[in-house]
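Student: structure for the following, please:
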Amino acid sequence: MAKKKGLLESELENADYMTILNGGESGGIFTTNSMIDYSYPTGVSLIDYTLGYEINIRDESGKVVGKRLCLGLQAGSFNVITGRTQSFKTTITIQMISNIAYANDGNIIHYDAENRLVLERVRLLSRLPESWFSSSTPRYSLRSGAIGFDTLQNDITQIYENKMRHKDLLIKDTGVKDSEGKPIMLMPPTVIFLDSLQDVIGEAVDYNIDSKNFDDNRELRGNMYGAQSAKTIRGFLTDILPMLKEANIVFIAIAHKTSNMSLNPFAGVKKQFQYAANDERISGGSAVEFNASAVINLSGLVKDDSRFHYNTDGFEGNTVLYEPTKVSTNESGNEKTGLGFKLIIDKKKEGLDNLRTLVEFLKDRGRLKGNRAGFKVIDKSGNELSEKFTWKNIYEDFSKDKKSYRAFMIVAKEELEKLVAPAPDVSGTIKPFDVDGILGELSDV
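Tutor: Numbers count the residues shown, from 1 in each chain. Below you'll find the predicted structure:
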């Protein structure tokens with residue numbers, strides 16, 4: 001053993017620092033970074049771009065030769081959609097997961113823990129082929145009934161083991177290259193949709209607390225229940241997060257937003273989340289926010305001009321405010337910080353109406369001239385780029401006038417890309433802040 005150790009030290013005598021730490025092995029602890037920058041567009045443009053970020057593409061010398069956009073939800077990530085009732089969380093999420101799975105040859109497991117969904121409604125909103133629902137092994141699997149964290153963890157573990165066991169068969173070229181120009185290879189995404197986290201908590205926590213006083217003190221009971229729930233969720237997330245990343249499982253959970261009660265009537269409620277009101281909390285507490293790659297906040301708007309009717313608008317619908325309150329890949333914020341966006345919902349047919357949503361977005365960005373009776377796309381100087389189109393008949397108008405439609409989409413892309421986190425080339429510019437060093441540089445001033 002001593003002789004072998006002496007030979008190793010002799011071989012590493014002139015090696016660099018990291019080679020020595022690796023023990024001279026090519027497969028030691030310190031290997032090339034295996035993290036992959038890859039995201040899946042959800043088909044909701046405003047969500048995709050506000051979560052989006054740029055990647056620098058480098059040549060062999062390390063010089064930046066191009067950029068790539070990563071839009072949407074990160075591969076193998078845990079994400080949360082929160083909001084109060086009637087904010088169309090389920091409607092929007094079904095469209096998002098369907099777009100991700102269909103465009104990337106993946107599959108969906110939808111847990112309806114609230115036990116209220118109708119399969120035909122899912123078919124309508126998803127617009128997926130019938131075969132996704134009716135085959136003996138459906139790509140869209142809808143599950144309901146009593147769902148606890150043990151059920152979820154067992155299912156995720158089984159998916160993980162099956163995907164990893166057959167990784168060589170499943171892994172495919174995404175058609176996208178990484179920052180060094182190498183092809184990104186991934187397994188097709190499995191998208192898990194949990195609706196909702198609050199209802200799984202109800203199955204997992206024991207309500208039988210031995211105290212006669214608890215039934216008379218609902219507020220205390222609620223806080224005790226919340227503490228137990230948070231502990232359950234922390235353990236669950238700790239166990240599943242590594243499996244999500246390795247097996248490319250995208251997990252989206254709905255966490256309802258409720259009022260955060262205080263046990264002390266004389267003291268204010270502590271603010272739970274950075275971009276929420278003081279009295280707001282989401283199911284699962286801080287464990288959910290801390291572990292999420294993205295927290296998407298949805299709020300149903302109730303003003304008269306936020307509701308739409310067939311006679312005046314051509315559809316029956318509502319407006320939802322979208323705020324990216326936590327984003328690991330871009331800037332987080334809310335309406336007060338300038339990151340609040342209106343999503344238009346067609347309740348009967350379209351679900352989320354991307355085209356009218358972009359109209360609201362461009363109107364707020366100052367790129368449309370006119371009103372709902374007649375809009376025109378304008379450039380940054382106010383020059384008209386399109387013919388007139390109306391809010392009510394926008395689909396018919398753009399179908400007849402492709403040039404105006406193209407001008408609209410070019411300007412929409414231009415404004416959407418401003419929301420993406422840029423990737424400046426800062427390689428090699430590091431300079432640790434040093435007070436004494438700065439004073440030394442300024443000694444002659």
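
Student: export stretch 74-88 to CSV, keeping only CA atoms.
Tutor: Written as CSV, here are the backbone C-alpha positions of stretch 74-88 (Å, rounded to 0.1, in the frame of the first residue of the first chain):
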residue,chain,number,x,y,z
GLN,A,74,-36.8,24.0,-16.7
ALA,A,75,-36.3,20.3,-17.5
GLY,A,76,-36.7,18.1,-14.4
SER,A,77,-38.0,20.9,-12.2
PHE,A,78,-40.6,21.4,-9.4
ASN,A,79,-42.9,24.4,-10.1
VAL,A,80,-45.9,25.9,-8.3
ILE,A,81,-49.0,27.7,-9.6
THR,A,82,-50.8,29.6,-6.9
GLY,A,83,-53.8,31.9,-6.6
ARG,A,84,-57.2,32.2,-5.0
THR,A,85,-60.3,30.5,-6.4
GLN,A,86,-61.6,31.5,-9.8
SER,A,87,-58.2,32.5,-11.1
PHE,A,88,-58.3,29.7,-13.8
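
Student: can you give me the buried ones in that stretch?
Tutor: Of the residues in stretch 74-88, 74-83, 87-88 count as buried by neighbour count, 16 or more other C-beta atoms under 10 Å. For every residue, glycine as well, the C-beta is placed using N, CA and C.

Student: out of those residues, which are inside strands?
Tutor: With DSSP state E as the criterion, strands contain 74, 78-83 from among these.

Student: so which of the buried residues of stretch 74-88 is the closest to residue 438?
Tutor: Distance to residue 438 across those (C-beta to C-beta) is lowest for residue 74, with 38.0 Å.

Student: contacts only, for the closest one.
Tutor: Residues in contact with residue 74 (C-beta atoms under 8 Å, 6 or more residues apart in numbering) are 38-40, 250, 293-294, 328-329.

Student: please indicate which of those residues are buried?
Tutor: When neighbours are counted using 16+ other C-beta under 10 Å, these contain these buried positions: 38-40, 250, 293-294, 329.

Student: which one of these sits closest to residue 153?
Tutor: Out of the buried ones among the contacts of residue 74, the member with the shortest distance to residue 153 (by C-beta to C-beta) is residue 250, at 16.7 Å.

Student: isn't that closest one up against residue 194?
Tutor: No: using C-beta atoms under 8 Å, residue 250 is not in contact with residue 194; the gap is 11.8 Å.

Student: low pLDDT regions in the stretch 51-200 of the chain?
Tutor: By pLDDT under 70, the stretch 51-200 of the chain has no low-scoring segment.

Student: the strands in it, which residues?
Tutor: Using DSSP state E, counting those that start in this stretch, the strands assigned to the stretch 51-200 of the chain run over residues 53-58, 64-70, 73-74, 78-83, 107-112, 140-144, 172-177, 183-186, 190-195.

Student: what pairs with the third one, parallel or antiparallel?
Tutor: Using DSSP bridges, strand 73-74 pairs in its sheet with strand 39-40 (antiparallel).

Student: next structured bit after the strand it pairs with?
Tutor: helix 45-50 (DSSP states H and E).

Student: can you redo the buried ones among the contacts of residue 74 as JSON lines with distance to residue 52, secondary structure and pLDDT?
Tutor: Rendered in JSON lines, the data for the buried ones among the contacts of residue 74 read as follows (distance: C-beta to C-beta, whole Å; DSSP: H, G, I helix; E, B strand; the rest coil; pLDDT from 0 to 100):
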{"residue": "38", "distance to residue 52": "12", "secondary structure": "coil", "pLDDT": "95"}
{"residue": "39", "distance to residue 52": "7", "secondary structure": "strand", "pLDDT": "97"}
{"residue": "40", "distance to residue 52": "11", "secondary structure": "strand", "pLDDT": "98"}
{"residue": "250", "distance to residue 52": "16", "secondary structure": "strand", "pLDDT": "98"}
{"residue": "293", "distance to residue 52": "13", "secondary structure": "coil", "pLDDT": "96"}
{"residue": "294", "distance to residue 52": "11", "secondary structure": "strand", "pLDDT": "96"}
{"residue": "329", "distance to residue 52": "7", "secondary structure": "coil", "pLDDT": "95"}
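
Student: between these, which is nearest residue 317?
Tutor: Proximity of those to residue 317, judged by C-beta to C-beta, is greatest for residue 294, which lies at 25.0 Å.

Student: tell me what that closest one is bridged to.
Tutor: residue 79, residue 327.

Student: can you check residue 110 too?
Tutor: Beta-bridge partners recorded for residue 110 (DSSP bridges): residue 142, residue 193.
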